[in-house]
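> got a sequence here, can you model it:
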Amino acid sequence: MCGIAGILRLDGGPLPPGAGRAVRAMTDRMACRGPDGEGFWRQGPVALGHRRLSIIDLAGGSQPMVSADGKLCVVHNGEIYNFRELRRELAARGVTFRTESDTELVLAAYAAWGEDCLERFEGMFAFALWDGPRRRLFCARDRFGKKPFFYTLQNGVFCFASELSALTLLGRPEPADAPAPDGGEGAWPDFLPLGFHLDATALMRYLAYEYVPTPQTMYREVHSLEPAHFLLLETEGAAGARPARYWDLPMPEAAAPGDETELCLELERLLANAVRRRLVSDVPLGVFLSGGIDSSIVAGLMARESSSPVMSFSIGFEEASYDESRYARLAASAFGTDHHERILSAAECAEELPGIVSRMDVPMADASCAPTWLLSGVARERVTVALGGDGADELWAGYEHYIGYRLAQRYNALPGWLRRGVIEPLVRRLPASAGYINPRLACETFLRGAAAPDWLRVQTLLTALGPELQGKILDPGWLGRHGGNDALLPEALFAPTRSQYEHWLPRDAATPLARAFHVYVRQFMLDDILVKVDRCSMLHSLEVRAPFLDRDVAEFAARLPVSLRLRGFRRKYLLKKAFAGLLPPEILHRNKRGFQIPVAEWLRGTLRPLMDDLLGERALAAQGLFAPAAVRALVDAHCSGRADLRKPLWTLMVLQLWLRANPADF
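Numbers count the residues shown, from 1 in each chain. Take a look at the predicted model:
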């Protein structure tokens with residue numbers, strides 16, 4: 001795992017020497033992504049930089065890596081899990097390799113197959129490859145977006161980096177701590193600083209989604225390369241950066257491609273192979289083990305492959321209602337792992353949370369980033385690579401929202417008098433709670449989702465600040481300058497969701513529930529789950545691998561009829577059936593919990609001073625984004641217990657923490 005950065009002059013002219021200093025400044029900002037080494041390369045119109053976390057071929061895998069003939073150069077972040085198979089294929093065609101690194105495979109595969117090499121890669125990656133003879137830069141991102149790639153095109157130059165904050169370094173005058181001129185490097189190049197301005201639409205979408213949906217970022221001038229896409233930047237006749245798709249998640253088939261016994265055997269074979277591929281490492285390796293179904297399957301399959309006990313890692317909480325460490329210990333015992341856990345108090349987690357959020361690089365209001373960050377720290381004490389269960393919930397219907405979607409379809413078939421005259425009044429009388437489950441909040445969220453159109457239902461169940469609430473709290477003057485209430489119309493605010501929902505054409509090509517799966521994978525998983533895991537692990541210089549997002553496993557799951565993933569109200573139906581013989585019964589039949597922390601309670605106690613500071617009337621008035629009195633009303637309603645507003649208030653606080661760490665013009 002690494003950090004990459006670079007600059008390309010699109011007219012093909014030579015970069016000034018100072019461009020190397022700019023690239024070095026970007027890679028220095030990403031030092032935690034690659035603490036084991038750094039490298040830089042410059043030729044004509046391009047300069048590339050790399051920070052290395054050594055995983056494979058510790059001695060020979062340094063980057064930027066140049067091909068033996070000197071024609072190609074690449075900076076690569078991630079892992080190509082099938083690189084050994086591809087090496088054998090290319091070696092049979094006469095290709096000679098100088099290292100054991102998967103990065104050299106990227107160079108050789110491109111030389112042999114051009115852009116079509118992407119179809120052959122199984123892995124998580126983001127890379128930029130300079131093709132000297134063709135004078136073009138080839139950039140690509142893996143199928144699910146496990147590794148980040150941000151870019152901007154300004155002043156005739158294309159700049160990219162693994163982190164948003166590294167890229168926006170180029171928006172300021174040369175930093176006082178910039179590397180001193182070295183090796184002929186001159187001053188900060190004259191095409192800097194670039195311009196970076198807060199995108200009003202992105203800000204409103206962040207408030208709704210709790211993240212900014214790809215390819216948009218918080219800055220008007222910066223894009224995130226979409227998963228399963230590549231960019232070709234020509235230095236002669238370039239017409240901008242136009243991403244192209246190289247792979248797509250298949251639609252569900254109308255009928256099962258075999259009987260359930262055969263499908264279970266095939267799933268077990270595919271996932272075992274996916275785990276086996278991800279055990280290739282020249283450094284210590286372990287597994288995140290929560291005691292849930294997904295991580296337990298991965299741990300069990302790892303134990304089958306390993307001749308020595310697998311190292312497993314978990315965290316727990318002193319507060320019983322939030323602690324699941326006993327399930328992790330149960331799985332560890334069943335699979336004979338070398339288990340390591342840390343039990344924390346919720347107060348310790350609360351103390352860490354603001355600092356973690358401030359270092360997340362992009363604003364993302366999933367409060368479970370705190371336990372993910374803490375777990376990564378526990379694992380990094382002993383290993384450099386960890387496998388996890390990410391992707392299973394989205395592909396196999398692990399979330400309760402999948403059941404909520406199905407229930408909503410049935411609820412809407414009830415007579416209107418029953419829904420509006422009986423059920424909805426009863427919901428308003430349900431008790432509220434600041435604990436793990438708030439019955440009233442859960443039911444109110446369900447009713448909002450049921451009332452939403454099919455394309456918006458998934459996002460409605462997840463939304464923090466919807467159009468109506470944003471209309472109340474955004475400063476009227478600011479909102480008026482950025483589209484007014486039209487910008488908050490659901491069709492505008494949630495346009496990314498509609499685009500994903502209608503991805504498959506014609507419109508009757510897939511059922512509404514099948515489309516909901518696609519929204520989860522291509523939106524929530526991409527910009528919440530995978531961002532959380534990438535940022536929290538890389539802050540500890542830890543690589544995390546996801547066997548459930550293996551191409552073969554994911555395509556197998558996606559092609560299955562929805563009924564084999566969600567059978568009635570039974571989630572992960574075929575997955576559980578396939579691994580019933582591997583999992584302890586207590587884990588096989590338990591309900592999903594996930595990392596949960598008492599945010600609602602903290603906002604009324606431990607985090608109250610921070611909330612008063614970040615959302616105080618004086619601070620908001622000086623900022624000019626929000627209506628201070630309206631935000632104060634939300635704070636008072638939550639702290640008095642009249643309403644549970646944990647999601648909107650935490651989302652607002654994360655934005656303020658991010659803006660303090662990343663000042664922006666708006």
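> now do the contacts for the nearest residue to residue 662 once chain neighbours are set aside.
Computed as C-beta to C-beta, 6 or more residues apart in numbering, the closest residue to residue 662 that is not its neighbour in sequence is residue 165, at 6.2 Å. Placement of C-beta: from N, CA and C, glycine included. Residue 165 makes contact with 29, 361, 661, 662 under the criterion C-beta atoms under 8 Å, 6 or more residues apart in numbering.
> ok, residue 249 next?
By C-beta under 8 Å, 6+ apart, the contact set of residue 249 is 518, 521, 522, 554, 555, 558.
> pLDDT score for the residue lying closest to the third one once chain neighbours are set aside?
In other words, residue 522. In space, and not counting its chain neighbours, residue 522 is closest to residue 500: 4.9 Å by C-beta to C-beta, 6+ apart. We have a pLDDT of 96 for residue 500.
> against residue 297, how distant is residue 500?
27 Å (C-beta to C-beta, to the nearest Å).
> higher neighbour count, the two?
residue 297 (28 against 23; other C-beta atoms under 10 Å).
> give me the below-cutoff pLDDT ranges for the stretch 451-600 of the chain.
Scanning the stretch 451-600 of the chain for pLDDT under 70 picks out 592-596.
> same deal with the stretch 251-400 of the chain?
Ranges of the stretch 251-400 of the chain meeting pLDDT under 70: 321.
> all strands for it, in order.
If DSSP state E, counting those that start in this stretch is used as the criterion, the strands of the stretch 251-400 of the chain fall at 285-288, 311-317, 338-344, 385-387.
> quick check: closest non-adjacent residue to residue 539.
Nearest one to residue 539, counting by C-beta to C-beta, 6+ apart, is residue 32 at 5.6 Å.
> and residue 566, how many residues sit next to it?
Residues contacting residue 566 under the criterion other C-beta under 10 Å number 23.
> give the contact list for the closest residue to it other than its chain neighbours.
Using C-beta to C-beta, 6+ apart and skipping the chain neighbours, the partner closest in space to residue 566 is residue 397 (4.0 Å). By C-beta under 8 Å, 6+ apart, the residues touching residue 397 are 517, 562, 565, 566, 571, 572, 573.
> mind doing that once more with 7 Å?
With contact set as C-beta atoms under 7 Å, 6 or more residues apart in numbering, residue 397 has these partners: 565, 566, 571, 572.
> so which of these are in strands?
Judged by DSSP state E, the subset of the contacts of residue 397 located in strands is 566, 571.
> so residue 231: helix, strand or coil?
Under DSSP: H, G, I helix; E, B strand; the rest coil, residue 231 falls in the strand class.
> isn't it up against residue 139?
Yes: Residue 231 is in contact with residue 139 according to C-beta atoms under 7 Å; the separation is 4.3 Å.
> shared neighbours, those two?
Joint contacts of residue 231 and residue 139 (C-beta under 7 Å, 6+ apart) are residue 225.
> quick one: pLDDT of residue 236?
On pLDDT, residue 236 comes in at 75.
> which of the contacts of residue 165 fall within helices?
29, 661 (DSSP state H).
> between the contacts of residue 165, which is closest to residue 23?
Within those, proximity to residue 23 (C-beta to C-beta) peaks at residue 29, which comes in at 10.9 Å.
> quick one: contacts for the residue nearest to that closest one when sequence neighbours are not counted?
Nearest residue to residue 29, sequence neighbours excluded (C-beta to C-beta, 6+ apart): residue 166, at 4.2 Å. Contacts for residue 166 (C-beta under 7 Å, 6+ apart) come out as 5, 26, 29, 30.
> in TSV: those residues, plus distance to residue 410.
Converted to TSV, the contacts of residue 166 look like this (distance: C-beta to C-beta, whole Å):
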residue	distance to residue 410
5	51
26	52
29	51
30	49
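> make a PyMOL selection of the buried ones in those residues.
Only the buried entries of the contacts of residue 166 go into this PyMOL selection, using 16 or more other C-beta atoms under 10 Å:
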select buried, resi 5+26+29+30
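> farthest pair within the contacts of residue 166?
The widest separation within the contacts of residue 166 (C-beta to C-beta) is 8.6 Å, between 5 and 29.
> rewinding a little: looks like the residue nearest to residue 522 contacts residue 518 (just checking).
Yes: the criterion here is C-beta under 7 Å, and residue 500 meets it with residue 518 at 6.1 Å.
> next, the buried residues of stretch 16-35.
Residues of stretch 16-35 classed as buried: 16-30, 32-34 (neighbour count, 16+ other C-beta under 10 Å).
> helices - which of those land there?
Filtering these for helices - DSSP H - leaves 19, 20, 21, 22, 23, 24, 25, 26, 27, 28, 29.
> any chance of those residues in JSON lines, with distance to residue 9 too?
Output for these, formatted as JSON lines (distance: C-beta to C-beta, whole Å):
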{"residue": "19", "distance to residue 9": "8"}
{"residue": "20", "distance to residue 9": "13"}
{"residue": "21", "distance to residue 9": "15"}
{"residue": "22", "distance to residue 9": "12"}
{"residue": "23", "distance to residue 9": "13"}
{"residue": "24", "distance to residue 9": "17"}
{"residue": "25", "distance to residue 9": "18"}
{"residue": "26", "distance to residue 9": "16"}
{"residue": "27", "distance to residue 9": "19"}
{"residue": "28", "distance to residue 9": "22"}
{"residue": "29", "distance to residue 9": "22"}
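> nearest to residue 604, of the residues you listed?
Among those, and counting by C-beta to C-beta, the member closest to residue 604 is residue 29, at 36.3 Å.
> OK, contacts around the nearest residue to residue 343 once chain neighbours are set aside?
Using C-beta to C-beta, 6+ apart and skipping the chain neighbours, the partner closest in space to residue 343 is residue 316 (4.7 Å). Shown in contact with residue 316 (C-beta under 7 Å, 6+ apart): 323, 324, 325, 341, 343.
> can you redo the ones in helices among the buried residues of stretch 16-35 as a markdown table with pLDDT?
A markdown table is the format used below for these (pLDDT from 0 to 100):
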| residue | pLDDT |
| --- | --- |
| 19 | 94 |
| 20 | 93 |
| 21 | 92 |
| 22 | 94 |
| 23 | 96 |
| 24 | 95 |
| 25 | 94 |
| 26 | 96 |
| 27 | 97 |
| 28 | 95 |
| 29 | 94 |
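> which of these sits closest to residue 45?
Distance to residue 45 across those (C-beta to C-beta) is lowest for residue 19, with 9.4 Å.
> my read is that the closest one contacts residue 47, right?
Yes: contact criterion C-beta under 7 Å: residue 19 and residue 47 qualify, at 4.6 Å.
> what residues are shared contacts of those two?
With C-beta under 7 Å, 6+ apart, residue 19 and residue 47 have common neighbours residue 7.
> sec struct for the residue nearest to residue 522, please.
Criterion first, three-state DSSP; result for residue 500: helix.
> and it, what is it in contact with?
Contacts of residue 500 (C-beta under 7 Å, 6+ apart): 518, 519, 522, 523.
> how near is it to residue 513?
14 Å.
> likewise for residue 320?
Taken as C-beta to C-beta, the span from residue 320 to residue 513 is 35 Å.
> more neighbours: which of the two?
residue 513 (20 against 8).
> what about the more buried one, helix or strand, and which?
helix 512-519 (DSSP states H and E).
> which strands or helices does that helix pack on?
Secondary-structure packing of helix 512-519 (3 or more C-beta pairs under 7 Å, 6 or more residues apart in numbering; DSSP states H and E): helix 400-411, helix 454-462, helix 495-501.
> which among those helices is found nearest to residue 10?
For the helices and strands packed on helix 512-519, the distance to residue 10 is smallest for helix 495-501, at 28.0 Å, taking C-beta to C-beta.
> pull the distance from the closest one to the chain's centre.
Mean-position distance between helix 495-501 and its chain equals 18 Å (C-alpha atoms, centre = their mean, to the nearest Å).
> only the buried residues of that helix, if you could.
Buried-residue list, helix 495-501, by 16+ other C-beta under 10 Å: 496, 497, 498, 500, 501.
> how many neighbouring residues does the nearest residue to the third one once chain neighbours are set aside have?
Same thing as residue 498. In space, and not counting its chain neighbours, residue 498 is closest to residue 455: 5.1 Å by C-beta to C-beta, 6+ apart. Counted with other C-beta under 10 Å, the neighbours of residue 455 add up to 21.
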